[in-house]
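1. Dropping a prediction and its sequence here:
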Amino acid sequence: MNRSILPLLALVLLCFGCGSGTPESAGSTDAPATTAGLTEEQLEHGIGPIEAFDPGPLDDALADKGLEVFNLKCSACHKMEGRYVGPEMGTIANERSPAYIMNMVLNPAEMIEKHPEAKKKFAEFMTPMPNQNISEDEARAILEYFRREAASR
Amino acid sequence: MKRTTTSRIIVPIAALLLIGVIATSCQTAEQAGSSDAASAVYVPPGSHDSYYTFFSGGFSGQMTVAGLPSGRLLKTIPVFSQHAENGWGYDEETKAMLNTSYGFVPWDDSHHPQLSQTDGVPDGRWVFINGNNTPRIARIDLSTFETQEIVEIPLSAGNHASPFITQNSEYVVAATRFSVPIPQRDISIEEYKEEFKGTISFVRADDPGNMEVSFQIMLPGYDYDVSHAGKGPSHGWAFFSTYNVEQANTLKEVFASQRDKDFIAAVNWMRAEECVANGAAERWDASYLRNFKPHGDMAFTEELRGSNMLFPENCEGLVYFLPTPKSPHGVDVDPTGEYIVGGGKLATVIPVHSFSKMLAAIENEAFEGEIDGIPVLEYDAVMAGEVENAGLGPLHTEFDGRGFAYTTAFLSSEVVKWEIGTWQVVDRIPVYYSVGHLMIPGGDSREPWGQYLVAMNKMTKDRYLPTGPELAHSAQLIDISGDKMEMLLDFPTMGEPHYAQGIAADLVKENQVQIYRLEDNEHPYATLTEADARVERDGNEVHIYMTSIRSHFAPDNIEGIQVGDKVYFHVTNLEQDWDVPHGLGVMGANASELLIMPGDTRTLVWEPKAPGVYPFYCTDFCSALHQEMQGYVRVSPRGSNVPISFHTGG
């Protein structure tokens, strides 16, 4: 073997290691990246399982269920009025899109790590929003509760 | 010129070496037979071990969990001993788990983990372990790695041959290593030969919350030492080694070692079930406790009464004695279920009995005698072979599923590999020092994972950096995948791990509970929302219904407590995310901390003895603001008029 190839071969092996470690893909969406590597869609509606959607007319029964879940899983840190451990929630439905709110509830760790708005809140409040293992249905109900609260203010 | 020549040689050599190193490092545990022991046990950062191993804690009373091949300690599971690290046996939820008919017993000596089995193969549901000192058996749930049930063994003492499990987890067994008067009574120890008895107990194992002694068998007053159940063709039988057939009651190290042979007791437990069903058992008085800890609730204790006592003379075919040289310790059944290997700790050979020959000998009544209604089979009629030159002091044997057996030799400090059928030793490897049990994952089951062997050594001496007079026991990992055994790793263990069991990690890790759901919390003192946090006085008792979430307690300012009060901190962790426990420590409390898993409730009792303001805080680092997670309780003199009040925040 031409000995000049050996260092090259070593280099190739070094660079590609064991061949099993495919690098994590940078993003799952085909849309062009914008601020902080996020798409316009992600900036508006958050990062997570929920895509932009129209929640339709207010569903009072669903909002009642949302209140129940909120009391059990969220109220130790959030109040409708006033700062507590986390931001107040009374008018959040006027400030964020429905999908953004649900993604923040369902996927807080990634939101805090990657989304500029969530990052800002984390820097302000210092306590990372915990993942409370809430289901999509429950998150949808919480959203409805927030919508009712915002409409009443 | 010379330098140029040298570099022209060195560069390609270095490159070749580099290629070799990279290529070697790319291989995984499959190539554990290579000479590179370090890479064979290397589990890269962030990667998982291939096997869970459950080590008994010996005189710590607990169980530890380690990964293989790394030997890394993953967890200590508190079982029979109080454990300040997470409040086990200190908090109100778990105290009852250590109740016995002798009162609260906060310690035991745990010897033998046994994984639950289905069809003779470990299934990853539970692991059982015995308490040797105050006879008990515990069941640990492998979805939470928490001890969930502990049942006492009545009419017994020295529960050593336990909790060896039957093929479908029908039973775990218990037996007396220390024969005693049964029932207990005030008699002279000199009456040992006449009045002291042994019992073997079968405990229902496959019905969580309902472990109980199904039946017991009254046997002569020997020392019943170790056990293993039959499997495959021998399913339905269980085998127990015995020593002190001499029935000595003093200086046993001399007087219990007189005879050439002691016995392995073969117990036909399916026959026992028939005899019980046919009314052949006597109903004996017995009172013993069972403790159960439901997830998310308080542990509770139930008293169980009575025992179905079987006597071999009233149940023909129940028990046979197999003569076995000499003071046998281990009794191990090979994966096919045909061979029963005795570890005669003072013997010069390893005797192997044949199950099919045993059945034939019973059929032909090849008996050399009878003791208390138990036929003694002729040694030559049941023996399949003897392994010669098997080391000094053979103790325990496990199997690789490829036709080989591995036996520890305590006195000559080695593991000896021999072939089933030819009874020839094919390999041996020294271990450091004085090995007791050994463990191959699944190595006592029908389907061993025959890749690794762990030797559990009784003496450590110079193997690690010295730590004063007391040294951690040493375990050693040996690769058994090739023809020759190869030493890979030393690692320290906790207490004295008599025995261990291993299982492929995939059978356990997929079932892990990460949190307890708040919706499922049925604890009578749970506080499921911060709005319900409160303090209530009931005479001298004060109940604090407290919540914790990153990073505050509610309430965190409490007044109105008085000296002489009994204060209950009932803390519910409102987190619903994995790996976010909160703790609670209270200054001066005469107990350990609490450690509360997400969604769970735990209770600390505190009886303040002097007026003052007492801080409490979270003991488990939980967030960037963990240091802020604290509060105060004001304690006033008895009869003070400070009212109960509490709050968190403005």
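-> Arrived safely, thanks for sending.
2. from here on, contacts and neighbour counts on C-alpha atoms
-> OK.
3. measure the closest residue to B:N132 other than its chain neighbours to chain A for me?
-> Among residues not flanking B:N132 along the chain, B:N159 sits closest, at 4.3 Å (CA to CA, 6 or more residues apart in numbering or on different chains). Shown here: B:N159 relative to chain A, a distance of 44 Å by CA to the nearest CA, to the nearest Å.
4. any low-confidence regions in chain A?
-> Filtered on pLDDT under 70, chain A yields the residue ranges A:1-35.
5. now the helices for it?
-> Secondary structure of chain A (DSSP state H): helices at A:5-16, A:40-45, A:60-73, A:92-95, A:98-106, A:108-114, A:116-125, A:136-151.
6. which helices and strands sit right next to the second one?
-> By that I understand helix A:40-45. Applying 3 or more CA pairs under 8 Å, 6 or more residues apart in numbering or on different chains; DSSP states H and E, we find helix A:40-45 packed against helix A:98-106.
7. For the helix it packs on, buried residues please.
-> A:98-106 (16 or more other CA atoms under 10 Å in any protein chain shown).
8. From the residues you listed, pick the one nearest B:Q184.
-> Closest to B:Q184 out of the buried residues of helix A:98-106 is A:L106 (61.4 Å), distances taken as CA to CA.
9. Contact partners for the closest one?
-> Residues in contact with A:L106 (CA atoms under 8 Å, 6 or more residues apart in numbering or on different chains) are A:48-49, A:131, A:133-136, A:139.
10. Spit out the contact partners of the residue in the stretch 301-450 of chain B that chain A sits nearest to.
-> Nearest to chain A in the stretch 301-450 of chain B, going by CA to the nearest CA, is B:W449, at a distance of 25.6 Å. With contact set as CA under 8 Å, 6+ apart, B:W449 has these partners: B:400-401, B:440-443, B:503-504.
11. Most neighbours of all the residues you listed, which one?
-> Ranked by neighbour count (other CA atoms under 10 Å in any protein chain shown), the contacts of B:W449 have B:G443 at the top, with 30 neighbours.
12. show me the contacts for it.
-> Contacts of B:G443 by CA under 8 Å, 6+ apart are B:398-401, B:449-450.
13. what's the most distant pair in those?
-> Longest span within the contacts of B:G443, CA to CA: B:E398 and B:W449, 11.2 Å.
14. Which residues are in contact with each of those two?
-> In contact with both B:E398 and B:W449: B:440, B:443, using CA under 8 Å, 6+ apart.
15. ok, how many other residues are close to whichever residue of the stretch 101-250 of chain B sits closest to chain A?
-> Here the stretch 101-250 of chain B gets closest to chain A at one residue, B:T144, 17.8 Å apart by CA to the nearest CA. B:T144 has 16 neighbours, counted by other CA under 10 Å.
16. close enough to count as contact, it and B:Q512?
-> Yes: counting by CA atoms under 8 Å, B:T144 touches B:Q512, with 6.2 Å between them.
17. list the contacts for residue 130?
-> Since no chain was named, I'll use chain A. Counted by CA under 8 Å, 6+ apart, A:P130 has contacts A:108-109, B:550, B:575-577.
18. Can you look at chain B instead?
-> B:N130 touches B:109-113, B:136-138, B:159-160, B:162-163, counting by CA under 8 Å, 6+ apart.
19. Mind checking which of those residues are in strands?
-> Those of the contacts of B:N130 mapping onto strands are B:136-138, per DSSP state E.
20. can you tell me the residue of chain B closest to chain A?
-> B:Q576 (4.2 Å).
21. quick one: the closest residue to that residue other than its chain neighbours from B:D600, how far?
-> The shortest distance from B:Q576 to any residue other than its chain neighbours is 4.2 Å, reached at A:Q132 (CA to CA, 6+ apart). For A:Q132, the distance to B:D600 (CA to CA, to the nearest Å) stands at 14 Å.
22. Out of the two, name the residue with the larger neighbour count.
-> B:D600 (28 against 22).
23. In this structure the more buried one contacts B:N573, no?
-> Yes: when contacts are counted by CA under 8 Å, B:D600 is listed as touching B:N573 (5.8 Å).
24. Now do the same contact list for the nearest residue to B:Y42 once chain neighbours are set aside.
-> In this structure, B:Y42 finds its nearest non-sequential neighbour in B:S70, 6.2 Å apart by CA to CA, 6+ apart. Counting by CA under 8 Å, 6+ apart, B:S70 touches B:41-43, B:49.
25. How about chain A: which residue is closest to chain B?
-> Closest point on chain A to chain B, by CA to the nearest CA, is A:Q132, at 4.2 Å.
26. I'd assumed A:K73 was in contact with that residue.
-> Yes: the pair A:Q132 and A:K73 passes the contact test of CA under 8 Å, sitting 6.5 Å apart.
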